[in-house]
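*Asks:* My questions are about this predicted structure, shown below with the sequence.
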Amino acid sequence: MKKSLALLAVLGCFSQSSMAATTFNLATLAQPSFRALSEDFGAALSYKPITPAAPLGITGFDIGVEVSATNISKSAAAWKTATGSDAPGTLPIPKLHVAKGLPFNIDVAAFYTAVPTTNITAFGGELRYAILEGGLAMPAVAVRGAMTKLNGIDQLTLNTKSLDVSISKGFAMFSPYAGAGMVWVDSSTSVAGLQAESFTQPKWFVGANLNLGLTNLAAEVDQTGGVQTVSAKVGFRW
């Protein structure tokens, strides 16, 4: 019952995105404001793994619902100018997330999100290779390539690509992990007078995974380009 209620709560967040949606008019922005908005959106929508470095294995799956909360205070003034309403101090982003283990210590994963009270949707995916599989004495080490794409704002095209390295060590049901990498953001608009922005954002993240049989809980703190995101996930991992 608790799992069903959690799922319904997240799905309710998805349905809110079609109600009283905040609309963006980027023609009201100057170039510095467009850059600030692009930086916060890039940090908020860039890929968040919320998983240890250890591979799932050929029969493994990780299926969950998650919520990320990103501090978007850097672009608060730009948000208000573009929408006519105050920016939320923290932007909540609910997601559906699925990962699948493949042979040779390779995992693939994908997510979809619809940001509440806006028209923003996004999707993304990752390809991860565990250089070290990990074990009783050894940590797992993995490299990951990921991408995301924003949709829903007619005047804005924004994509991110990222590379990172992560390490984790399992202790029975508990697996802490950490990682660092780089995010490349490409942001452009159809508005005359605003130039496209392409930039990189360094990132680091720490998190922990708790596996209780099939039920799985995970939490993560991510810092991308100086913008902090806190994420939590509940689901099934085997």
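*Replies:* Ah, there it is.
*Asks:* So which residues of the chain form strands?
*Replies:* Secondary structure of the chain by DSSP state E: the strands cover 61-71, 90-102, 106-114, 121-132, 140-151, 156-168, 174-189, 197-212, 215-224, 227-237.
*Asks:* what's the angle between the first one and strand 197-212?
*Replies:* Right, the one you point to is strand 61-71. Put simply, strand 61-71 runs at 130 degrees to strand 197-212, going by axes from the mean of the first three to the mean of the last three C-alpha atoms, to 10 degrees.
*Asks:* And the last one, by the same measure?
*Replies:* Between the direction of strand 227-237 and that of strand 197-212, the angle (the same axes, to 10 degrees) works out to 40 degrees.
*Asks:* what's strand 227-237 packed up against?
*Replies:* Secondary-structure packing of strand 227-237 (3 or more C-beta pairs under 8 Å, 6 or more residues apart in numbering; DSSP states H and E): helix 31-45, strand 61-71, strand 197-212, strand 215-224. C-beta: built from backbone N, CA, C; applies to glycine.
*Asks:* now do the second one
*Replies:* Under the contact criterion of 3+ C-beta pairs under 8 Å, 6+ apart, strand 90-102 touches helix 2-16, helix 31-45, strand 61-71, strand 106-114.
*Asks:* By mean pLDDT, point me to the weakest helix or strand of the protein.
*Replies:* helix 2-16 (a mean of 41; mean pLDDT, DSSP states H and E).
*Asks:* Out of the strands of the chain, which gets nearest to Thr22?
*Replies:* Taking C-beta to C-beta, strand 90-102 is the member of the strands of the chain nearest to Thr22, at 10.9 Å.
*Asks:* Pairing partners for that closest one, with directions?
*Replies:* strand 61-71 (antiparallel), strand 106-114 (antiparallel) (DSSP bridges).
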